[in-house]
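need a 3D model of the following:
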Amino acid sequence: MTLDGGRCATLIVVPDTSPPPFVEWSSFPFEGELRVKTLDEPVSVEPPRKGENQADCSKCQTPDDAYIWVNENWRVRSMDRPSGLPMVLILESRSHLDLGDLPNMLAAELGVMTVRLERAVRSLDGVARVHVNRWGDGAAHLHLWFMARPYGRLQLRGTFLTLWDEILPAIPEGLWRENLALIAAWLAEFGGEPLAKPPRIDWKAPSSFGQLIETVDVAAEVEPDPEPAPDSDPAPASDPMTAPEASDPVTDPRASDPVTAPEAAVPAPAPEAGDPRPQTASADRH
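Numbers count the residues shown, from 1 in each chain. Take a look at the predicted model:
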């Protein structure tokens, strides 16, 4: 049979059954020859799930610092590493309860938390939809999955998104951690404690910047003064006829009179034209 895009998948089915229609869906992630497993005989008693006994529940034993956000009734955690989807999160109840065991107040809060977390994940760049799933066959402790579908990836729509998450190459870890911090901060706007931190940015200034400033300063200090014009005859500084009048701070009576002494702001000397030295502090660098 032919899939969308011209790819083919051959499905070998058990006798007296017809091929399931999903093999022709564009979202079906496989092509080539496939074989359907034969169903096992049903068991009379199902085995216990993980954590049926609260004392053995790994979720109850996990500390808060393993989660990205917590409050008094709910906790949100991620996988231990990025996967193929932009975001995969799990919402857990803090109490050791399953879905059908929730009292009315926690059941109402679950609805609010589901909508709130869906909005937080959907607020990330590049996310089109958020799939919310609950299976409950593996662990007894209540947990809901939130899986983000990338925008524009129409082939990932539908029920096979969980398979595509493990097929696609993992997203960059830096982007993944940044998204975790954004979701934690988004949830914290309504209370609780955000525990996911954004990745540390390793700022590195150019290695030659300090040398460049030092070279310019040295060049400015050793630059010779311009020679006077041949026709100019500057007056000596000691000439009483040309030297400016200056008040003597010892003999001037105003200097010791706090009432009559004028307050004079001493302006900083203006830079000369062509002065190559920077006039701003290095601390202004961003």
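
output stretch 113-133 as CSV, nothing but the C-alphas.
The C-alpha trace of stretch 113-133 is given here as CSV (Å, rounded to 0.1, in the frame of the first residue of the first chain):
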residue,chain,number,x,y,z
MET,A,113,-3.6,22.7,36.2
THR,A,114,-4.2,20.9,32.9
VAL,A,115,-5.3,24.1,31.2
ARG,A,116,-2.6,26.2,32.8
LEU,A,117,0.2,23.8,31.8
GLU,A,118,-1.1,23.4,28.3
ARG,A,119,-1.0,27.2,27.9
ALA,A,120,2.5,27.4,29.3
VAL,A,121,3.8,24.8,26.8
ARG,A,122,1.9,26.3,23.9
SER,A,123,3.5,29.7,24.7
LEU,A,124,6.9,28.4,23.6
ASP,A,125,8.2,29.4,20.2
GLY,A,126,7.6,26.9,17.5
VAL,A,127,4.8,25.0,19.3
ALA,A,128,1.5,24.5,17.4
ARG,A,129,-0.4,22.0,19.7
VAL,A,130,0.0,20.3,23.0
HIS,A,131,-1.2,16.7,23.3
VAL,A,132,-2.4,15.7,26.8
ASN,A,133,-2.3,12.0,27.5
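
can you give me the buried ones in it?
Taking 16 or more other Cβ atoms under 10 Å as the basis for neighbour counts, the residues of stretch 113-133 that come out buried are Met113, Thr114, Arg116, Leu117, Glu118, Ala120, Val121, Leu124, Val127, Arg129, Val130, His131. Quick note: C-beta positions are derived from backbone N, CA and C, even for glycine.

for Gly158, state which of these is nearest.
Comparing those against Gly158 with Cβ to Cβ picks out His131 as the nearest, at 8.8 Å.

wait, that closest one sits on Phe146?
Yes. With contacts defined as Cβ atoms under 8 Å, His131 counts as touching Phe146 at a distance of 7.4 Å.

which residues do these two both contact?
The contact sets of His131 and Phe146 do not overlap (Cβ atoms under 8 Å, 6 or more residues apart in numbering).

quick one: average confidence on stretch 164-177?
Stretch 164-177 shows a mean pLDDT of 94 in the predicted model.

how about it: buried residues?
Of all the residues in stretch 164-177, those buried under the rule 16+ other Cβ under 10 Å are Trp164, Asp165, Ile171, Trp176, Arg177.

assign a three-state SS to the last one, would you?
The local conformation at Arg177, judged by DSSP: H, G, I helix; E, B strand; the rest coil, is helix.

chain neighbours aside, what residue packs nearest to it?
Nearest non-adjacent residue to Arg177, counting by Cβ to Cβ, 6 or more residues apart in numbering: Pro199, 4.6 Å away.

look up phi and psi at that neighbour.
Listed backbone geometry of Pro199 is phi -60, psi 150, with angles given as degrees, to the nearest 10.

thought it was touching Asn179?
No. Using Cβ under 8 Å, Pro199 is not in contact with Asn179, being 10.4 Å away.

okay, these two: which has more neighbours?
Asn179 (27 against 13; other Cβ atoms under 10 Å).

let me know whether that one touches Leu124 as I believe.
Yes. Using Cβ under 8 Å as the test, Asn179 is close enough to Leu124 to be in contact (5.3 Å).

intersection of neighbour lists for the two?
Shared contacts of Asn179 and Leu124, counting by Cβ under 8 Å, 6+ apart, come down to Pro86, Met87.

helices along the chain, start to end?
Ranges of helices within the chain are 58-61, 104-122, 161-167, 173-188, 209-222, based on DSSP state H.

one step back: between the buried residues of stretch 113-133, which is closest to Phe190?
Distance to Phe190, by Cβ to Cβ, is smallest for Arg116 among the buried residues of stretch 113-133, at 6.4 Å.

from Ser95, how far off is that closest one?
If you measure Arg116 against Ser95 using Cβ to Cβ, to the nearest Å, the figure is 19 Å.

equivalent analysis for Leu102, please.
Per Cβ to Cβ, Leu102 is found 8 Å from Ser95.

again with Ala184
Between Ala184 and Ser95 the distance, using Cβ to Cβ, works out to 21 Å.

more crowded one of these two?
Ala184 (23 against 15).

list the contacts for the closest residue to that one other than its chain neighbours?
Of all residues not flanking Ala184 in the chain, Pro194 sits nearest, at 3.6 Å (Cβ to Cβ, 6+ apart). Applying Cβ under 8 Å, 6+ apart to Pro194 gives the contacts Ile68, Trp69, Ala181, Ala184, Ala185, Leu187, Ala188.

alright, calling it a day.
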